[in-house]
Every structure is written in structure tokens, then in C-alpha cells.
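>>> mind looking at a prediction? Sequence and model below.
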Amino acid sequence: MYINEASKKSGTTKKAIEYYCQKGLLDPAVSDKGYRIFSDEDVEKLKKISLLRFPGNISNKQIRIYREERSVMRSAITGEERSIMIRSLGSMR
């Protein structure tokens, strides 16, 4: 699906999706014509990122670290931030 549909399904603005892609938080496939192609998994990632990015929660850098290597993130965030993330992720289930 293209960015418009991913935006609607995830409840995330197109501008935010572009920003998350630019910051390395999301890495959708790219078509032969250069368009980003978002999977259902990408839409789920967008929902999680939106929850984690809610004001006062977790920074983009911390989300990227979490995606790349969970063990690095465990040492990079404070106990309070970790608790917020766990609660946010738990509420998604």
C-alpha cells in the first residue's frame, strides 16, 4: 500500500510517516518507480511508534535503538522510560 493508505490505517500523518522513514524508524519497500510500499507490518510499526512518541514518552533515538538492538536500549533508557514503554506496548495487545 502507498503512504496515503498507510496513513489512514495507522492514524499517522503522511508528514510523520516521512519523518519516521527519514530518521530510520521505518524502512518500507520501494517500488521500481521510487514509491514507498508499506506492508501491514509497517502499519503496525507506525501504530507502535505513535504510541511511544506520545508527548513525554520516548525519543526517536530510543525507538531506533530499540528496533536495531534491544539490549543497547535497555542500558540507554532510564527505568522510568522503560516502564512507560512497557505500559504503552502492553496496552496495544
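Structure received.
>>> give me the mean pLDDT for the helix or strand Lys45 falls within.
Counting by DSSP states H and E, the secondary-structure element that holds Lys45 is helix 40-53. If you average the pLDDT over helix 40-53, you get 85.
>>> could you pull out the strands for this protein?
Along the chain, the segments classed as strands by DSSP state E run 29-30, 36-37.
>>> which other residues reach stretch 2-14?
Judged by Cβ atoms under 8 Å, 6 or more residues apart in numbering, the contacts made with stretch 2-14 from elsewhere in the structure are 1, 17-18, 20, 28, 35-38, 42-43, 46-47, 49-50. For glycine as for every other residue, the C-beta is placed from the backbone atoms N, C-alpha and C.
>>> rerun at 10 Å
Counting by Cβ atoms under 10 Å, 6 or more residues apart in numbering, the neighbours of stretch 2-14 from elsewhere in the structure are 1, 15-21, 26, 28, 31, 35-40, 42-50, 53.
>>> I am finished for the moment; much appreciated.
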